[in-house]
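Trainee: only geometry, no sequence info:
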């Protein structure tokens with residue numbers, strides 16, 4: 001469970017195309033700076049934790065810029 005939800009392949013393709021055309025000027029993130037097993041993480045709250053009981057986003061900021069650069073160049 002994460003917010004915003006993961007996008008499907010069509011959404012990803014549209015985003016990469018927009019970036020290639022210069023239509024996207026800012027690349028940003030909703031990085032969630034906590035480990036999945038930290039007090040705010042879903043595993044810590046239990047498998048049945050509701051959406052309002054967990055942190056937003058997903059960890060993994062360290063991979064986003066390298067992935068963007070690998071795809072863009």
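Mentor: Structure's in. What do you need? This is a predicted model, so every value here is computed, not measured.
Trainee: Tell me which stretches of this structure form helices.
Mentor: According to DSSP state H, the chain carries its helices in the segments 9-20, 42-45, 61-72.
Trainee: Worst mean pLDDT among these?
Mentor: Mean pLDDT is lowest for helix 42-45 among the helices of the chain, at a mean of 66.
Trainee: Could you measure from the residue nearest to residue 27 when sequence neighbours are not counted over to residue 45?
Mentor: Spatial nearest neighbour of residue 27, excluding adjacent residues (C-beta to C-beta, 6 or more residues apart in numbering): residue 68 at 6.1 Å. C-betas here are computed from N, CA, C, even on glycine. Using C-beta to C-beta, to the nearest Å, residue 68 is found at 31 Å from residue 45.
Trainee: What of residue 24?
Mentor: 34 Å.
Trainee: circling back: the residue nearest to residue 27 reaches residue 28, doesn't it?
Mentor: No. When contacts are counted by C-beta atoms under 8 Å, residue 68 is not listed as touching residue 28 (11.0 Å).
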